[in-house]
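1. what would the 3D arrangement of this be:
(one chain, ligands or ions: 1)
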Amino acid sequence: MEEKMISFIHKTFPLPKIESSKNVLCVLPHPDDGEIGAGGTIAKLKSKGVKVSYVLITDGSAGIRGKSREETKRIRKKEQELAAKILGVDEIKWLDYPDGGIYNIEDVKKDLAKHFETVKPDLVITVDPFLPYECHPDHRMCGLAVAQTLLLNFDASIPIAFFFTAYPNQFVCIERYWDKKFEAISAHKSQISSEVIGIYKEYFEVKGETYGKKVGCKYAEGFKVLLPSMLHAFEEALWI
Ligand SMILES: [Zn+2]
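-> Numbering: from 1, shown residues only. Down below sits the predicted model:
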């Protein structure tokens, strides 16, 4: 994409800053996604007095091998509640769709529209459904349901910050919240053993440092921030 076009778009449609938000709604496919993808940013927003709420699309019931769905759901909800508490999240709502199960995006969109109406967020954080090679149906459905609800039901002015993205265009310095992020990730004990947390740390350290360099700090998290109106017939969305 031509540089001239990109700078024209940046000038004409300035993208809001995640850190200027006052009321953030995180829409998450499973327990643990919020902490892994955006835990440092959520902790930072909370430390600045921003209201942060979670909506969990699925119940996490497919996440533990050898345990029943009911038991898994109970364990994972407790873990999610603890992790959210560590970050300082104000409230969690569960939509309770079956983890990895069969459900309809139109039902999810209806539920989300109600939450958007009640919470009135000035920013929605969710997973990027356009991540190449992402094939988990819950993740694709979650990101797409958020994007379509904001595009079609509202005035399309509420920005979306996608995490787990291959095309980040905004970086949030989280060096002071790095330990908090991993404390929150560690609350998901059924998903992340102490060996796995070590590997996660190494992986996210390299990624966090790479993103950190872009904003002159030790560690950062990356997001693709777009206005919903940019998610329709807008060829430049990938490049801005
Ligand atoms: Zn997930």
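
2. tell me the SS of the residue of the chain found nearest the ion?
-> The minimum distance from the chain to the ion, using CB to the ion, falls at residue 30 (3.6 Å). To be clear about C-beta, it is placed using only N, CA and C from the backbone, and glycine gets the same treatment. Following DSSP: H, G, I helix; E, B strand; the rest coil, residue 30 is assigned to coil.

3. show me the contacts for residue 124.
-> 24-27, 116, 146, 150, 158-161 (CB atoms under 8 Å, 6 or more residues apart in numbering).

4. picking up where we left off before, and the residue of the chain closest to the ion, how many neighbours does it have?
-> 26 (other CB atoms under 10 Å).

5. surely it meets residue 98?
-> No: using CB atoms under 8 Å, residue 30 is not in contact with residue 98, being 11.4 Å away.

6. okay, and the common contacts of these two?
-> Joint contacts of residue 30 and residue 98 (CB under 8 Å, 6+ apart) are residue 58.

7. picking up where we left off before, what sits against the closest residue to the residue of the chain closest to the ion other than its chain neighbours?
-> Counting by CB to CB, 6 or more residues apart in numbering, residue 30 lies nearest to residue 60, which is 5.3 Å off, once chain neighbours are set aside. Contacts of residue 60 were listed using CB under 8 Å, 6+ apart, and they are 30-32, 72-73, 76-77, 80, 99.

8. tell me which two of those residues sit farthest apart.
-> Among these, the pair separated by the greatest distance (CB to CB) is 32 and 73, at 13.7 Å.

9. what helix or strand is the residue nearest the centre of the chain on?
-> In the chain, the residue lying closest to the centroid (CA atoms, centre = their mean) is residue 126, at 3.3 Å. Using DSSP states H and E, residue 126 sits in strand 123-127.

10. that concludes my questions; thank you for your assistance.
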